[in-house]
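In: sequence isn't available, so here's the structure alone:
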């Protein structure tokens, strides 16, 4: 049963009874029937089905001792493995225009990477890494994750982190104490995308300048573990917007972000990767190459999203016959250049991959970090270009029902363009709008900007990681000649 | 009855039975009770009431032969008149954070300006200009307007404009023929903001490189004139989002944009300002200084909006204690610089106003045109700054209902910040979100970008209007020395 | 003798025998004959003469008890005084395209301001402020100044500043000790523009996060005081480039920047404004409004420079017939918008001036600070626009001698354009080049960028100085409604 | 004698007696002794010698039937060939920081490409293509080239191109008529970089919207052909700046740009590639892949230049201890990202090369075009970053002679920084200055911006060349689902 069908996956989720809250109410009954989750869960079921579909199966799975497994669980040993992994990610991303940031393969990648790096971890816990991956594969699990603390206070000297607080004062989740069965975690974590609609949750330490032992833990647990609660942000998929014409993206691809509250949650020993371990907490992302493997998935997806934006931009521009204008050509050419740059950086990282200490083939870091830093800045510009192409046509957008009127005065006629009838023009425009201007769309933009962390911090990280000596040495010699 | 109360205004509107369509259905019954219009009409009623309110009346009205009239109808004769006009605009704008682009004073200004410029018009129609203003004042009318054609085809050689089409082929509204009672208009016009929820509609020629006589008309008619239909874009105020905490702006200030269809509409002779008159159609905006008077209103409002953005940005940044960071200071300082620039340009235009040929005091053109060109480019950047200040905190936004839960695990606690409890932090963040990221918010951004037309065309207009000779002459002399 | 002629001024300077070094050699003989200084001193002589010239005198001077004095020495008491002051600055700036940053009126303004603020200073030194201004007026002095320490180490924890060093280790100028006659200053100061070619030097404390008492001094002394040495940077005016056609700006307006070394220099008591006085050192720029008065001069000049750039850009664009292109119009319109913004901000600061505690009329701070912050960022963009207008025509630039050839194959013919013969086209292009691409020109760009200090620090200063409460209060009330 | 030594190359050039004019005077005697050319010719001699140097020879040459030839003449047949070609270009570029845009391999590449594409040309001329390459290899020739007309008038309707003018009116070089020996060319061409200091000149049609037969020619001729004259722009290498410390780049790498005048020049039949042939004139750059092969060389070089800028930026920033600041890290990280992007695009073009119709392995077009478009915009930003890193330290720059003074007051001490003594700090700063702020340096910036033509036209070309259908098709299907 390593490859679940969409229905099996949804059925299991419906039975988990996760503690999920939407708009002040606990979700009761089948979670897949709730308007906020219906769309995304249908989409996830579709993704699960793709792995079983003859058309895609060969591209999405590999054979492990005769058993077909998801490629996202495969330990890449060769550049070819990385290529296949990338193609699988992109095949799935293409079905949603790259708008789903946390398709199952994202955290599968994390579980696979951590498991493969088990010698990084304390011997006591290494078997837990093994079993995490086995369980994931065996049960075809999906995951949410949380790598971030609440935004309470972003100053450099915030003191909550430093002190031994009373439980009522704790905000960021911390370990309270150990018991015989495991450790007790209490407090909040942020940005668990798809929180509550996955089988398990993966928790890793939040990056922070301050790292006290009580924050230095890593584990996975089932989403329905006692004491784990998910508060959803306002859903963008609702009972009134489940129309494909009107909301082609929000109605299907809204992943939901959540605040996770841990209320004295027991993390059993066999679920812990480490705890009370500042050294590993600070280095786990770099040392295991988890960052690079996740970036590889993310950049692969961002390429698909850029293609999607390019397709919409060009379609929209041709439909109103403005592709003759130099400034329109210039805007679309900037989208093209962005696409070419992202592809080139990814392929370079892939081509120049090398095996790490744990025997995993890891893409070259600097092109991936460059891609990530570049895209954070470019993505909002790409949406700007689209807005400038669509212009006032993105303001006056009717919905599908508006086209079911008497034909004599119909919008079908009055909104038609050079190449499209009115309804098709509006459908295309609504796609542009839903990708970049609806609540769903502007969350997408913000998400790409902060996908991998604060842009300024990422730029610093790249600066620090980059080998600059060859270049300063060259200057040194140049001046000495 | 020159100053209507909010209730009187709404009652009259409820009785007009305008032909307004939302989501494929004709609005029946009281339009003010319809979810799409309830919020904005309450807001407009509130604005009407402000003129009667002792606290504001002196600032919003002037005495014309002993009768209090709205300052927006006053013909400015002095710089002081302009200042009072500006302050009135800003007083109203402040109540909605500058998000209402078409508050009643906007088109009042147009009616006043055209009326005052009546010698610009053919003698046959001059009395119509007079009566337009008288009627507006006498009945305290509100207006929508349309100055734009559908976006069908934006190439320079689009041929619809040139030919004598069959009626079924017509898209952009044109004059079909004259009758004894007036002229017959048929076809569509765009971007009638607040279309259907005003007393009248003002139609002026669309700016275009091609101007055929059948497009060269200008008039006002009641919104409920036979054959006039308004198709609304998707409303952002709905029955489910009328909550002030969650949607502080969309629930109250969504003006709605509409496509107006003229189905063989008779424009009576006494309502026409000109027709069949390419010369006036091409020059009416410049020659009457209508452009400048509208810009003066718009820039006044944009200043208030910038203040609103500054207030939100600073509040948000202090709440999470990030105002110590240089890059945050730099972002907020750019908002400050924008505000100072807009104020300086407006005050300069005002201080250097001069009377035009029609005896109206007109603000200096070049600072206003500069302000408009500058703001089109800056506004999207200002929203970007806000997004960078709010960061991931703008992604995970719960709603008010989420705070009505049991206090032990409450978001009130877990989302609190340095200076605000959780609910206040979320309320503030939702305001930032609703201004720039909700469907309402991203329409605001697009609106400011295209407020006065295509940025590239406006930059060209400024270039062409600007007296460059003094500067080239100086270079000439400098080189001759 | 309060108004010197150019010749008198130069003669005096030639006799001072300042300790000035150029390219490793001490300047001997008449400094006005040295190729590095000939151009700028001719220009300064011309400026001195302007004050005596009937055409300009009324605009450049005011009558003080019947004696004509330079307006830059006048204490502004009214807005009219500020206007006249501004016009005088601009009249002089116009003769050099705004390229001379330190025309005599710049530091005159400083001397006037400090003198007028004498109650800010310790009573012991107040008479020194008086006599500084009297001496300046009586002798019509010119000044260089130094407000900056060497760039040795820009980290926040640089330790030189903190310790009691041996003399040989000192870099940044500090006070060594007091004597009966005054204090002994030893070490280097930076960026004394026009150092060595002025009568005196004004030294004020360098802005720094660290302020130890030995750096807390302010004084003026004659440029030829024993122990004061000026090391010039490489001059851009040389014996081979003194041709007006080829180097219309560098040959005349290169002010030279210098490192000043104080070698155990005695500053007599009567020349000291304060010393050993960290409190005054930290506040003198703000408290006396010196910053605002200098900014007022600087922004006035920058407007003239922007006009100069606009004139060149438009002349160049028309000469090669590219003003029809939208993207060229857009670029020039950005120069226009910049000009309008700078003018509007300056006029607003001027119109809203108010008297300070010392009875001086001071322009409003925030528009001036905004102008300064805005221009730092815009000026490099303006030069970019010019480069994009000139395009490859700014690369292949011959010199005047190239036009003195046989006419049959002449560049006069082959380089002519739509509107200009070849030589005029090249002359105009060389002006554009000398303003933005020659060594002189690129120093101008760097100078405008750092004119008033590090852009990031200035943005922070504006952020901190700005009254943000009205705007956050408004948000507070808006949310409470 | 296929590989000349530097001396042999210079000797031949010295004997050619090309008609070269500098500053109004014809260059007489050995051109290699002229101050304007001494530096660059020494550098070129050094480059010629590198091919004979044991250390480099293997990397710079290939064996053709047992004879060592320059790799730039090799027809690439495999991806490995392209890699070797790229490495050779970069090896040479590294010796000059990528500042020499027209090192001999640049036009070698053109000659090789045209020769290999000989079936593109009319059969009558195909042997000329063969002999061009043979001659080039046999004699180890260097070339200047001209692909541009004078900038006379850049409007779209410029009429010179259209008419049969009198000879005295002709500006852009055109064919006058045929003779028995060949065709007569008369008029000017632009931007012959290194014009007059090469063996031959390659002339190809200027890109233009208007292509009349008289402009439709292509040929190479010796630089000393009767009637060919080169007018140099002002040289940046002069008798006074030949000091390596002060002008590390201008003194050695100033290639000179020239206007070439053709005075009734006879182009012999055997030198002509085509004439009177609008079809080939319009397509030669695309059809032969000449554009791609030249771009491949250019992008290879630009990568080296970016590394050079990175080395200088990091060296400068560390020397004054500012690498701890986030905004400095961000600036340097943008240089890093640019470097990574350029490398990734080039490698992708290389990895995905494919053989063209003429049997030459050609790099993939779109990544190269993207690199070119991207770099045009980025390069000026990179120089801006450097200016912001260097800050005021790039203004006050002494020269080497200033360090030969008495040590007690020496700049060696006062200008030292955290890590460098004063002289080294100044040397490094002067390198930054000479690369980006000297006349040489700002010409570099302008050159990179216009290297391959007008940025707006290149963006359009990329837009038009790009296969957009896969992306619009995807949108089409996405909406149909």
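Out: Looks like it arrived, so ask away. All values reported here derive from a predicted model rather than from experimental measurement. Numbers count the residues shown, from 1 in each chain, chains lettered A, B, ... in the order given.
In: which ones are touching the closest residue to chain C within the stretch 1-150 of chain A?
Out: Nearest to chain C, among the residues of the stretch 1-150 of chain A, is residue A:24, at 19.8 Å (CB to the nearest CB). Yep, even glycine has a C-beta here, placed from its N, CA and C like the rest. With contact taken as CB atoms under 8 Å, 6 or more residues apart in numbering or on different chains, residue A:24 is in contact with B:399, B:400, B:401, B:402, B:403, B:404, B:405.
In: closest to chain D among these?
Out: Of all the contacts of residue A:24, chain D sits closest to residue B:399, with 30.9 Å by CB to the nearest CB.
In: and for the residue nearest to that closest one when sequence neighbours are not counted, the neighbour number?
Out: When the adjacent residues along the chain are set aside, residue B:399 lies closest to residue B:246, with 4.6 Å between them (CB to CB, 6 or more residues apart in numbering or on different chains). Residue B:246 is flanked by 24 other residues according to other CB atoms under 10 Å in any protein chain shown.
In: from chain C, how far out is residue B:246?
Out: Using CB to the nearest CB, to the nearest Å, one obtains 12 Å as the distance from residue B:246 to chain C.
In: look up phi and psi at that residue.
Out: The phi and psi values for residue B:246, taken as degrees, to the nearest 10, are phi -80, psi -40.
In: thought it was touching residue B:429?
Out: No - between residue B:246 and residue B:429 there is no contact under CB atoms under 8 Å: 11.3 Å.
In: which non-adjacent residue is nearest residue A:473?
Out: Closest residue to residue A:473 in three dimensions, ignoring its sequence neighbours and counting by CB to CB, 6+ apart: residue D:311, at 7.7 Å.
In: check what pLDDT the one you found gets.
Out: pLDDT for residue D:311: 97.
In: go on, residue A:89?
Out: Note on residue A:89: pLDDT of 98.
In: what number of residues lie near it?
Out: In terms of burial, residue A:89 registers 26 neighbours under the definition other CB under 10 Å.
In: also residue A:404?
Out: Neighbours of residue A:404 under the rule other CB under 10 Å: 12.
In: surely residue A:306 is in contact with residue A:345?
Out: No - counting by CB under 8 Å, residue A:306 sits too far from residue A:345 to count as a contact (12.0 Å).
In: which of those two has more residues huddled nearby?
Out: The neighbour comparison of residue A:306 against residue A:345 (other CB under 10 Å) goes to residue A:345, with 29 against 24.
In: so what's that one up against?
Out: For residue A:345, counting by CB under 8 Å, 6+ apart, the contacting residues are A:299, A:367, A:368, A:370, A:371, A:374, D:340, D:341, D:344.
In: quick one on the thing from earlier: so what's the residue nearest to residue B:399 up against?
Out: Under the criterion of CB under 8 Å, 6+ apart, the neighbours of residue B:246 are A:234, B:399, B:400, B:430.
In: select from those residues every entry located in helices.
Out: Using DSSP state H, the subset of the contacts of residue B:246 located in helices is residue B:430.
In: so which of the contacts of residue B:246 is the most crowded?
Out: In these, the most neighbours by other CB under 10 Å go to residue B:430, 26 neighbours.
In: now it: how far from residue C:278?
Out: Counting by CB to CB, to the nearest Å, the gap from residue B:430 to residue C:278 is 47 Å.
In: and for residue A:302?
Out: Distance, residue A:302 to residue C:278, using CB to CB: 53 Å.
In: name the residue in these two with the higher neighbour count.
Out: Neighbours were tallied for residue A:302 and for residue C:278 using other CB under 10 Å; the higher tally belongs to residue A:302 (27 against 15).
In: quick one, domains of chain A?
Out: A:6-284, A:289-480 (automatic domain parsing).
In: OK, contacts around residue A:214?
Out: Counting by CB under 8 Å, 6+ apart, residue A:214 touches A:174, A:175, A:176, A:276.
In: and it, which of the three is it?
Out: Following DSSP: H, G, I helix; E, B strand; the rest coil, residue A:214 is assigned to helix.
In: cool, residue A:473 as well?
Out: Assigned by three-state DSSP, the conformation of residue A:473 is helix.
In: what strand or helix carries the residue of the stretch 201-350 of chain A found nearest chain B?
Out: Scanning the stretch 201-350 of chain A for the residue nearest chain B gives residue A:321, at 4.0 Å (criterion: CB to the nearest CB). According to DSSP states H and E, residue A:321 maps onto no helix or strand at all.
In: pretty sure it contacts residue A:417?
Out: Yes - under the contact definition of CB under 8 Å, residue A:321 touches residue A:417, with a separation of 7.3 Å.
In: look at the two and report which has more neighbours.
Out: The residue with more neighbours, out of residue A:321 and residue A:417 and counting by other CB under 10 Å, is residue A:417; that gives 23 against 19.
In: quick one, strands of the stretch 101-250 of chain A?
Out: Taking DSSP state E, counting those that start in this stretch as the criterion, the stretch 101-250 of chain A contains strands spanning A:143-146, A:174-178, A:182-193, A:200-203, A:218-222, A:228-232.
In: if we can go back for a sec, for residue D:263, state which of the contacts of residue A:214 is nearest.
Out: Using CB to CB, residue A:174 is the member of the contacts of residue A:214 that sits closest to residue D:263, with 85.6 Å.
In: what pLDDT is listed against the closest one?
Out: Among the per-residue scores, residue A:174 shows a pLDDT of 95.
In: now residue A:2
Out: At residue A:2, the predicted lDDT confidence score is 79.
In: list the contacts of it.
Out: A:67, A:68, A:69, A:137, A:138, A:140.
In: now do 7 Å
Out: By CB atoms under 7 Å, 6 or more residues apart in numbering or on different chains, the residues touching residue A:2 are A:67, A:69, A:137, A:138, A:140.
In: lovely, talk soon.
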